[in-house]
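Peer 1: Turn this into a structure:
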Amino acid sequence: MNLGGSERNGISGTVLLKMSSTLVETVAINYEYFNDSFLTCGTCLCQYDAVNHSPKLLPCSHTVCKSCLERITEAQTRDTGTFRCPICRETITIPRGGVVAFPPSFIVNQLLDLVANQRRDIVPKCSLHSNQELLFCETCDTVYCTECVVGEHSSRGASEHTVIPFSIAIKRMSEILLYKAQLCTKNLNNACENVTEEMRKLENNYDRTMDAVNRSFQDLVSLLDKRRQEVLQMVKKVRDEKKKVLQEQLDIIQAEKDQVHGECQGLEYQVEVRNITKKISDLNEKLDMTGTLSEPRENAFMRYDYKHNTALRDYLAALNQFGKVKVSTTFPALSTAVVEKATTHLRSTVTITTVDYHGNPRTSGCDPVVADLHTERGDVVETGIKDNENGTYDITFIPRVSGCHRLCVSIFDRPIKDSPFSVIVTDHNNPVMKFGSHGSSNLQLTQPVGVAVDRQDHMYILDTGNSRIKVLNPDGDFLRHIGQSGLENQSGTGITTTPSNNIAVVNWRTKYVTELNSQGMLVKKFTSPEFVEPINLAVNSKGEYIVADNGAGKVFVFDTTGKMSNKIGSKGDKPGQFKLISSVVVNKKDEIIVADNRLQVFSKDGKFLQEIPSGTNTKGQYGGVTVDRHGNILATRTEKGKSYVQVFNASGKLLFMIDSSDDKLKRPSGLAAARDFQVVVVDLGNDCIKKFRYR
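Peer 2: Okay, the predicted model is just below:
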């Protein structure tokens, strides 16, 4: 619609109503009126051009075409050198060069160039109302005329729609079309470059593969030639050996001939009959011997055979299997990855599943998968790639810091779907398995204080409040209970395994150490008059018992018969002394590690070696300590109401801590290391056990 009803110099203002009272103003130019007003000579009414009607600027600032000025100057009857402007009648002096010397009107020329370079906009009109411009509703995607339309575009509902002139809509759509066409062209150009690059790589791989084929068969030819030389040497050796025997026989024959000739010389002068008779006798013997020399002692037979066994057949069979050209139909853009949350210091896995161009899963491997993992700071995280040979690949890594890591995965140097990926890494390590709650049923525990793991990864939980040992399989399923032998009066406080895969427990009230087999049958038991409050125990590789006594402030060592052989430590806080002993364990060297408010290491003979730094400045108490199959030391620690598991290497360096953020530990006590870098922790305050991964 037009507002104001006025037009100025061929330009009309058009205001369109938008939804939510938003006004969008557009400007429409009347092309004919613009030409008449600005691009037409006011004297001859001809449109300016660059030839006869070129616009000339007069000193009075009016513009007249060159043709009109020439006609006006020629009509002057007196040669005054002046004429009057046909528009304002001001006297104009003719320049020395004539009309052509008047300067051109630069503004008019620029407008001519502008109009010449611009497409004349076509304003679509209604076929029934020729003076009514068509409108376009962006909300409904509809073209309509305000005079013809009925319904929501003709009443109040129109204010809820976004409406623009159809000519503007066409222009916008044309611009969008051109933009999309440019994007398509750009993408197609990129696609062409990618395919061309892949063809270049194909040619390079072809050349490398051909070289590899030639080298491998040249190696095979070299091996064949080596064998040929060996066989030729065998033939030569046989010939030489035979020739040597025959040559020796020839030498003997020649020697006999020489001897016969020597004996026969001078016989014509021999008159002694007896000598002649003797020589005849000797020659008779030689005649008998020549019969044996006439037969060659070696034969000339020699024949080459290569079909005497299955070697040729096996060689041909192997040759038919020699060499393979590996190819792949994997389409990286459709191949996917399963990325899950990762935890610092734990091995994490990202599984890649490959498919072909049609989306069908691949069932073989050999794809050149490349994975690059970086921290937020850009540091490289080492990755490993395992080919499962079924179309899937496992990318493994152990992150050292938390944050959002960036994982780029490519096959054939082309990214897979959605690559790069964001890998969220957290410091919080939560349990992978949990068992138990307060109670006395098969699935419940009451005041559990210790746990042991045997060679088969069966878990033996010291269920003190129920005076029993609960046995679980490696998956945490209940198997059976072991009876009360050694667990009387709800006083069992320590449990461990022995080299013979039995179970040993200590009872602080009865002061007995009891050894049971895996079914709970008594193997042996013993005590000591020096026991005050035996709290925990361990068994070394020799089967010796190491018993920690909190009441006595000592660690006692017993031989396999239960006879005391050594005492370690005393009460105090100096190196080698103890305050409140909670646990004891031995490492692979049979060194003894004792936990109270600190971790102290003793030699197998009881000599103090070192104190392991806790890695914290806060006072606390250790609840349990264990050593895994690799020598790593793990210990539960509580300080100021916060509990966690510390992981040390074999030399006592603190690596990291397990905080169990989503399932807090409450008074953790005993713990035991299982296979595959897993640790079972007794959570006394929650009457349960929890299993964690720590690598």
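Peer 1: Who does the residue lying closest to I352 once chain neighbours are set aside form a beta bridge with?
Peer 2: The shortest distance from I352 to any residue other than its chain neighbours is 4.3 Å, reached at Y393 (C-beta to C-beta, 6 or more residues apart in numbering). Placement of C-beta: from N, CA and C, glycine included. The residues paired with Y393 through beta bridges, assigned by DSSP bridges, are I352, D387.
Peer 1: What's the per-residue pLDDT of Y393 here?
Peer 2: The predicted local confidence for Y393 comes out at a pLDDT of 97.
Peer 1: wait, what's in contact with it?
Peer 2: Shown in contact with Y393 (C-beta atoms under 8 Å, 6 or more residues apart in numbering): T351, I352, T354, G365, D367, V369, I385, K386, D387.
Peer 1: The last one and K326, how far apart?
Peer 2: Translated: D387. Per C-beta to C-beta, to the nearest Å, D387 is found 12 Å from K326.
Peer 1: who's more crowded, the two?
Peer 2: The neighbour comparison of D387 against K326 (other C-beta atoms under 10 Å) goes to D387, with 15 against 9.
Peer 1: Quick one: residues contacting that one.
Peer 2: For D387, the contacting residues are G365, C366, D367, V369, Y393, by C-beta under 8 Å, 6+ apart.
Peer 1: now swap in V380 and tell me
Peer 2: Neighbouring residues of V380 by C-beta under 8 Å, 6+ apart: D372, L373, H374.
Peer 1: now, which of those sits nearest N429?
Peer 2: Distance to N429, by C-beta to C-beta, is smallest for L373 among those, at 19.7 Å.
Peer 1: Where does pLDDT dip in the stretch 201-350 of the chain?
Peer 2: Along the stretch 201-350 of the chain, segments meeting pLDDT under 70 span 266-273.
Peer 1: any idea which element K171 lies in?
Peer 2: For K171, the host element (DSSP states H and E) is helix 166-264.
Peer 1: I should have written V449 there, sorry.
Peer 2: Under DSSP H and E, the secondary-structure element containing V449 is strand 448-453.
Peer 1: can you list the residues that contact whichever helix or strand comes after that strand?
Peer 2: The C-terminal neighbour of strand 448-453 among helices and strands, as given by DSSP H and E, is strand 459-463. Contacting residues not belonging to strand 459-463 are listed as 436, 445-454, 469-474, 476, 482, 487, 492-495, 497, 503, 505, 670, 672, 674, 680, 682, 689 [C-beta under 8 Å, 6+ apart].
Peer 1: Can you get me the start-to-end distance on stretch 512-523?
Peer 2: For stretch 512-523, the first and last residues are 13 Å from each other (C-alpha to C-alpha, to the nearest Å).
Peer 1: Looking at that stretch now, give me its mean pLDDT.
Peer 2: Mean pLDDT, stretch 512-523: 93.
Peer 1: same deal with stretch 534-550?
Peer 2: Computed over stretch 534-550, the average pLDDT equals 96.
Peer 1: Distance from it to the middle of the chain?
Peer 2: Taking C-alpha atoms, centre = their mean, to the nearest Å, the mean C-alpha location of stretch 534-550 is offset from the chain mean by 46 Å.
Peer 1: Give the buried residues for that stretch.
Peer 2: Under the neighbour-count criterion of 16 or more other C-beta atoms under 10 Å, stretch 534-550 has 534-540, 543-550 buried.
Peer 1: All the helices of the stretch 501-650 of the chain, in order from the start?
Peer 2: Listed in chain order, the helices of the stretch 501-650 of the chain (DSSP state H, counting those that start in this stretch) amount to none at all.
Peer 1: need the helices for the stretch 301-450 of the chain, in chain order.
Peer 2: 311-321.
Peer 1: now the strands for it?
Peer 2: 336-338, 342-343, 348-353, 369-374, 380-381, 383-387, 392-397, 403-411, 414-415, 421-426, 433-435, 448-453 (DSSP state E, counting those that start in this stretch).
Peer 1: on that earlier part again, among the contacts of strand 459-463, which ones are buried?
Peer 2: Buried positions within the contacts of strand 459-463, assessed by neighbour count (16+ other C-beta under 10 Å), are 436, 445-454, 469-472, 474, 482, 487, 492-495, 497, 503, 505, 670, 672, 674, 680, 682, 689.
Peer 1: What is the helix holding K171 packed up against?
Peer 2: Using 3 or more C-beta pairs under 8 Å, 6 or more residues apart in numbering; DSSP states H and E as the contact criterion, the elements in contact with helix 166-264 are strand 135-137, helix 273-293.
Peer 1: Check the gap between the residue nearest to S328 when sequence neighbours are not counted and F412 for me.
Peer 2: Spatial nearest neighbour of S328, chain neighbours left out: D367 (5.2 Å); criterion: C-beta to C-beta, 6+ apart. From D367 across to F412, the span is 8 Å (C-beta to C-beta).
Peer 1: quick one on the thing from earlier: turn the contacts of V380 into TSV, including pLDDT and distance to L334.
Peer 2: Converted to TSV, the contacts of V380 look like this (pLDDT from 0 to 100; distance: C-beta to C-beta, whole Å):
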residue	pLDDT	distance to L334
D372	96	21
L373	97	22
H374	97	25
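Peer 1: related to what we said a few turns ago, between D387 and K326, what contacts are shared?
Peer 2: Here D387 and K326 have C366 as joint contacts, going by C-beta under 8 Å, 6+ apart.
Peer 1: burial measure for the spatially closest residue to N194 that is not a sequence neighbour, as a count.
Peer 2: Computed as C-beta to C-beta, 6+ apart, the closest residue to N194 that is not its neighbour in sequence is R414, at 8.0 Å. Counted with other C-beta under 10 Å, residues neighbouring R414 total 15.
Peer 1: ok, R414 to S328 distance?
Peer 2: Relative to S328, R414 is positioned 12 Å away (C-beta to C-beta).
Peer 1: Next: K226.
Peer 2: Remark: distance between K226 and S328 (C-beta to C-beta) = 36 Å.
Peer 1: what do you get for Q444?
Peer 2: Applying C-beta to C-beta, the value for Q444 to S328 is 54 Å.
Peer 1: Next, the contact list for H62, please.
Peer 2: G42, C85, I87, C88.
Peer 1: So for stretch 80-88, what gets flagged as buried?
Peer 2: Judged by neighbour count (16+ other C-beta under 10 Å), stretch 80-88 contains these buried residues: F83, C85, P86.
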